[in-house]
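Participant: I would like the atomic coordinates for the input below:
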Amino acid sequence: MSTEQQPLYLQIIDKLKKDIEDEVYKAGEKLPSEYELSKQFNVSRATLRESLRQLEEEGVVIRRHGVGTFVHTKPLFTSGIEELYSVTDMINSANMKPGTIFLSSVFRDASEEDARRFQRNNLEKIMEMERVRTADGIPFVYCLDRIPSNLVEHYSIHEAKSLFRFLEENGHSIAYAITYIEPIGFHEKISELLESEPETTLLLLRQTHYDEMDTPLLYSLNYFRADKFKFHVVRRRMKA
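Facilitator: Numbering: from 1, shown residues only. Reported below is the predicted structural model:
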């Protein structure tokens, strides 16, 4: 390394970032071992580890215990979590072609939990639908949606590319959603459907969608591939 005033670990960070930008190391590729990199940069293992730690914090690399350090795959999509878009709109905004793989749809008896969630004591039937949404043919989100049967029973919902638009066209516009976010690890069924590597995490969004009268219309479980999608949020400081 050079003898510039910049600390060694920062010089290593800059060099590795440039190598990744120049595709010396490509997305998903494993970096040389810590021993090889410390020898290459002529620095201690402690200095190198500090560089890798900061690169991991920035999301540039991902370290897998006992396996090695890999260049993090850049997400195809990014969105503000405070903004409510349909999956179709997310894909279109990335200038990619949205697609849908229908897995199943079934009408079933509503449970007590369904009645509570949709605030309907007399709720009898729920339609449950499983889909995988794709962008340019790449699977990136698994969707499990539950809708009160009276909102869909007289329509061919399989022809709908967007549930948001489908509901809107039939007089039920979604105004907002209450969302719970949960990172999860490998899921035997869903990770395989999304063609996700075992070490790739999933990001689960549990969402109840409401109209302007605060009536629940749709309950969704959306499992996003964390290597394909990144959410961000703007947080404003509140005065005491």
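
Participant: What lies in contact with stretch 86-98?
Facilitator: Outside stretch 86-98, the residues within contact range by C-beta atoms under 8 Å, 6 or more residues apart in numbering are 76-77, 79, 85, 133-137, 141, 143, 161-165, 222. Where C-beta positions appear, they are placed from N, C-alpha and C, glycine not excepted.

Participant: Please write out the alpha-carbon positions of it in CSV.
Facilitator: Below are the C-alpha coordinates for stretch 86-98, written out as CSV (Å, rounded to 0.1, in the frame of the first residue of the first chain):
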residue,chain,number,x,y,z
SER,A,86,-48.2,-2.4,-6.1
VAL,A,87,-45.6,-4.9,-7.0
THR,A,88,-46.5,-4.3,-10.7
ASP,A,89,-45.8,-0.6,-10.3
MET,A,90,-42.5,-1.3,-8.6
ILE,A,91,-41.4,-3.5,-11.6
ASN,A,92,-42.6,-1.0,-14.2
SER,A,93,-40.8,1.9,-12.4
ALA,A,94,-37.5,-0.1,-12.8
ASN,A,95,-38.2,-0.3,-16.6
MET,A,96,-38.7,-4.0,-16.4
LYS,A,97,-41.5,-6.2,-17.6
PRO,A,98,-43.8,-7.5,-14.8
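
Participant: Tell me how far it lies from the chain's centre.
Facilitator: Remark: stretch 86-98 is offset 14 Å from the chain centroid, using C-alpha atoms, centre = their mean, to the nearest Å.

Participant: in that stretch, what counts as buried?
Facilitator: For stretch 86-98, a neighbour-count test (16 or more other C-beta atoms under 10 Å) marks 86-91, 94, 96, 98 as buried.

Participant: Which of those residues fall within strands?
Facilitator: Pro98 (DSSP state E).

Participant: biggest separation within the buried residues of stretch 86-98, which pair?
Facilitator: Using C-beta to C-beta, the buried residues of stretch 86-98 reach their maximum pairwise distance at Ser86 and Met96, which is 14.1 Å.

Participant: May I have the distance across stretch 165-175, first residue to last?
Facilitator: Counting by C-alpha to C-alpha, to the nearest Å, you get 12 Å between the two ends of stretch 165-175.

Participant: what does that stretch contact?
Facilitator: 84, 86, 88, 151, 155, 157, 160, 164, 209-212, 217-218.

Participant: what's the answer for stretch 112-132, then?
Facilitator: 100-111, 139, 141-150, 152-153, 157, 193-194, 208, 215-216, 219.

Participant: what comes up buried for it?
Facilitator: 114-115, 117-118, 123, 126-127, 129-132.

Participant: Helix or strand: which one has Ile178?
Facilitator: Using DSSP states H and E, Ile178 maps to strand 176-184.

Participant: Could you check how far that strand is from the centre of its chain?
Facilitator: A distance of 11 Å separates the centroid of the chain from that of strand 176-184, by C-alpha atoms, centre = their mean.

Participant: swap in stretch 156-168?
Facilitator: Distance, centroid of stretch 156-168 to centroid of chain: 22 Å (C-alpha atoms, centre = their mean).
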